[in-house]
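> Structure of the sequence below:
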Amino acid sequence: MSPVATARRIGAGARRPANWVQLLKFGLVGASGYLINLAVFALLVELAGIHHVPGAVGSFCVAVSSNFYWNRHWTFRASDGHAGFQAARFFTVSIGALAVNLVVLELLVSGGLDALPSQAIAVATAMPVNFIGNKLWTFQ
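From the prediction side, this is the model:
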């Protein structure tokens, strides 16, 4: 799909109230994943002494599993689709969001901000990538 077609699709979708409900649900699932991510990150980095980058990857793996389940069954109600196919797409979108997360995390930590608040900001920054990718591709 071309960038223009994608932009048109996003614009048309923004005018439908059901998509706003999905965004709210996605945000609630994301908030739970956010808390899971930060809790696991804190355990790995602050308690276990793991470097912040592998800590972010580990916390991502735990949170993405929870987020996939809840987004598939509650947000997008896509449980009639093939779970393996959806999981592969969800993971692909999540890897893209993780890349955004890691870039922002490294920039903030390199700039002098502590690792945990940096991770909190980085995860929030990556959320729009996740929603749009999952709405338009994973659970279409």
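> mind showing which ranges of the protein have poor pLDDT?
Residue ranges of the chain with pLDDT under 70: 1, 6, 10, 13-14.
> Would you indicate which residues of the longest helix anywhere in it are buried?
Scanning the chain for the helix with the most residues, using DSSP state H, yields helix 83-110. For helix 83-110, the neighbour count (16 or more other Cβ atoms under 10 Å) marks 86-87, 89-91, 93-94, 97-98, 100-102, 104-105, 108-109 as buried. All C-beta spots, glycine's among them, are computed from the backbone N, C-alpha and C.
> do stretch 59-75 as well
Those would be Ser59, Phe60, Val62, Ala63, Val64, Asn67, Phe68, Trp70, Asn71, Arg72, Thr75, for stretch 59-75 by 16+ other Cβ under 10 Å.
> Mind putting the residues you listed into JSON lines with secondary structure?
Below are these laid out as JSON lines (DSSP: H, G, I helix; E, B strand; the rest coil):
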{"residue": "Ser59", "secondary structure": "helix"}
{"residue": "Phe60", "secondary structure": "helix"}
{"residue": "Val62", "secondary structure": "helix"}
{"residue": "Ala63", "secondary structure": "helix"}
{"residue": "Val64", "secondary structure": "helix"}
{"residue": "Asn67", "secondary structure": "helix"}
{"residue": "Phe68", "secondary structure": "helix"}
{"residue": "Trp70", "secondary structure": "helix"}
{"residue": "Asn71", "secondary structure": "helix"}
{"residue": "Arg72", "secondary structure": "helix"}
{"residue": "Thr75", "secondary structure": "helix"}
